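Participant: sequence first, predicted model second:
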Amino acid sequence: MSDEIRRAIGELGFEHPMPVQEEVIPYLLGEGNDVIALAQTGTGKTAAFGIPLLQRTDANDRSTQAIVISPTRELCLQIADDLKSFAKYMKGINIVAVYGGTSIINQIHALKHGAQIIVATPGRLIDLMNRGAAKLDQVRNVVLDEADEMLNMGFSDSINEIFDNVPQDRNTLLFSATMSKEIERIALNYLHDHKEIVVGSRNEGAENVNHVYYMVNAKDKYLALKRIVDFFPRIYAIIFCRTKAETQEIADKLINDGYNAEPLHGDLSQQQRDITMQKFRQHLTQLLVATDVAARGLDVDDLTHVINYGMPGDTESYTHRSGRTGRAGKKGTSISIIHTKEKGRVRDIEKVIGKKFVDGDLPTPQEICTKQLYKAIDEIEKADVDEEQIAPFMDDINRHFEYVDKEDILKKIVSLEFGRFLRYYADAPEIVKPSTSRQRKDNGGKAEGRRRDTTKPEKGFRRLFINLGKDDGFYPGEVMQFVNRHVKGRQEVGHIDLMARMSYIEVPAQDADKVMRALDGTFYKGRQVRCNDADGGTPKGKAGGKRQRAAEGKAGARRAARQQDYPRKDDWKQFFQNNGDTKLIGDEPDFTEEGWARRKPKRK
């Protein structure tokens with residue numbers, strides 16, 4: 001690379017090339033080297049094609065030498081910004097982004113000054129070609145970014161027209177995270193003697209992403225979404241919907257319910273989309289509700305979750321969605337809210353991405369309120385106090401609270417931050433997990449009851465006890481990683497029950513002894529792990545401690561059985577209890593005996 005490029009990327013923090021860059025950059029520096037490059041989202045594909053494009057661009061020649069075509073306006077701007085960063089010290093290089101939804105006159109003016117590299121959406125590039133503003137007769141490199149989407153979205157006529165106007169001896173570069181065999185057959189029409197570079201596995205899911213699904217009835221999907229968002233107080237996520245109408249509807253509901261959310265879809269103006277993305281990148285917006293097309297290629301750091309409000313229509317879309325999180329070595333979670341008919345889609349995606357989904361149980365009202373309470377306390381503890389600014393008011397503050405008990409002040413402060421969740425979940429609608437056709441078949445064709453007895457494993461499975469729980473950071477994703485790390489081969493895991501200090505997992509009966517032998521005696525975050533049969537059995541070939549294990553397993557099973565019932569009154573009263581009769585601010589919820597009787601749910 002030139003000194004100017006190395007200086008620029010050094011300032012951006014580049015030290016060593018990512019795998020896709022190491023494979024692609026040397027190859028693209030040659031002539032006539034067409035390529036299909038497949039790598040997971042967030043692995044540095046823009047630099048993989050952008051750096052060689054800049055290296056091969058003649059700054060003294062003002063004609064257009066390279067075009068980069070992307071499916072969306074947001075991705076177009078993002079690529080242009082990245083290329084400008086790489087070319088920061090290259091004098092005479094002009095990179096112009098052209099896209100719909102904004103003034104074409106300004107773009108024509110920018111092109112008249114000479115643009116060696118044009119980054120464009122297909123429709124706007126053709127408009128500029130027809131007006132004579134974009135001249136492509138000197139183009140030596142054509143890049144299709146998110147190529148599978150470009151060739152699968154009805155862009156084929158536009159792509160054909162663009163390729164008809166560029167020289168035949170150009171380099172053609174197709175970059176994507178996924179590409180089906182059908183799309184690859186279409187791509188061959190634009191390539192000459194190409195090389196396919198695959199980093200990882202074709203259509204592989206991001207390595208650091210956990211995959212979880214929650215099965216609910218269709219009428220409960222939005223309620224389930226609220227519970228998931230509430231359970232992760234510091235969530236920073238994209239919520240994917242299948243249509244523009246659904247995207248707007250879900251965003252409106254979240255905003256009306258007090259969540260920090262914004263919609264992103266094709267019906268918004270370019271200005272609205274730019275403002276929305278700017279707020280989301282700056283973490284001013286916590287939840288972005290988006291369609292697949294609008295969010296394609298968005299480069300946002302530190303996403304904690306991707307939430308699929310229903311499964312996408314194809315596996316490639318799921319891979320792109322889940323790849324938004326778990327980037328640059330960080331961990332992320334892809335959550336899918338599905339109904340029974342989508343269970344088959346989950347199994348299909350598992351086979352393609354080579355990863356198992358965790359069948360999750362929605363968090364209970366008590367678990368959510370506990371999480372939100374801790375968040376409220378944490379924010380109060382970490383609040384910055386400007387002693388100098390508040391000093392003039394301290395006399396008045398002390399006078400007002402002189403006769404108020406410290407405990408009452410704490411209750412009032414926490415209630416202001418936490419009361420909304422407590423009020424909602426005191427009477428929150430129950431979400432019943434629907435039974436699958438397989439479960440109904442095992443149950444003699446009858447639907448399951450309102451609650452599954454989780455102390456009894458599914459047919460053909462055994463239930464194992466593990467002395468790790470949520471207090472140890474042992475959540476579904478970590479459970480699966482822990483099992484996969486210690487058990488040889490692919491291990492099927494059924495239902496997972498997580499409690500504060502222990503867990504139960506179900507594995508096929510024939511694998512139970514193997515799993516117990518593999519996990520028992522290992523260490524997790526410095527803590528020695530015990531794993532035994534929940535009914536007290538020990539793995540074959542492992543001696544000693546049977547009586548103790550039996551006692552622990554049975555005691556844990558009894559505790560688990562108790563937790564399946566509706567949270568007891570005492571579980572709620574522990575948050576705000578004062579001599580048994582105190583009501584919260586605004587009288588909601590009311591923990592007096594009379595108030596509780598009004599709210600006590602009917603039990604089975």
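Facilitator: Arrived safely, thanks for sending.

Participant: use CA for all of it now, contacts and neighbours both
Facilitator: Will do.

Participant: pLDDT weak spots in the stretch 51-200 of the chain?
Facilitator: For the stretch 51-200 of the chain, the stretches flagged by pLDDT under 70 are 152-154, 178, 180-183, 200.

Participant: neighbours of Ile377, how many?
Facilitator: For Ile377, the count of nearby residues is 15 (other Cα atoms under 10 Å).

Participant: Leu264 pairs with what?
Facilitator: Note on Leu264: beta-bridge partners Ala290, judged by DSSP bridges.

Participant: wait, it sits on Leu288?
Facilitator: Yes - Leu264 is within contact range of Leu288, at 7.0 Å (criterion: Cα atoms under 8 Å).

Participant: mind listing the strands for the stretch 301-450 of the chain?
Facilitator: Along the stretch 301-450 of the chain, counting by DSSP state E, counting those that start in this stretch, strands occupy 305-308, 332-338, 358-359.

Participant: quick one: those as JSON lines, columns for mean pLDDT, distance to Glu367 and mean neighbour count too.
Facilitator: Below are the strands of the stretch 301-450 of the chain laid out as JSON lines (pLDDT from 0 to 100; distance: least, Cα to Cα, whole Å; neighbours: other Cα atoms under 10 Å):
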{"stretch": "strand 305-308", "mean pLDDT": "92", "distance to Glu367": "19", "mean neighbour count": "25"}
{"stretch": "strand 332-338", "mean pLDDT": "91", "distance to Glu367": "18", "mean neighbour count": "24"}
{"stretch": "strand 358-359", "mean pLDDT": "90", "distance to Glu367": "18", "mean neighbour count": "18"}
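
Participant: rebuild these as TSV, extending it with distance to Leu136.
Facilitator: TSV is the format used below for the strands of the stretch 301-450 of the chain (distance: least, Cα to Cα, whole Å):
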stretch	distance to Leu136
strand 305-308	39
strand 332-338	41
strand 358-359	50
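
Participant: for Lys412, find the nearest of those.
Facilitator: strand 305-308 (32.2 Å; Cα to Cα).

Participant: so which elements touch the closest one?
Facilitator: strand 237-240, strand 332-338 (3 or more Cα pairs under 8 Å, 6 or more residues apart in numbering; DSSP states H and E).

Participant: centre of the chain to it, how far?
Facilitator: Distance, stretch centre to chain centre, for strand 305-308: 4 Å (Cα atoms, centre = their mean, to the nearest Å).

Participant: now it - C-alpha only, CSV.
Facilitator: The C-alpha trace of strand 305-308 is given here as CSV (Å, rounded to 0.1, in the frame of the first residue of the first chain):
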residue,chain,number,x,y,z
HIS,A,305,-29.3,-7.5,20.5
VAL,A,306,-31.0,-8.1,17.2
ILE,A,307,-34.7,-8.9,17.6
ASN,A,308,-36.6,-10.6,14.8
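
Participant: among the strands of the stretch 301-450 of the chain, which comes closest to Ala500?
Facilitator: strand 358-359 (18.6 Å).

Participant: and the contacts of that closest one?
Facilitator: His211, Val212, Tyr213, Tyr214, Met215, Pro476, Gly477, Met480, Gly494, His495, Ile496 (Cα atoms under 8 Å, 6 or more residues apart in numbering).
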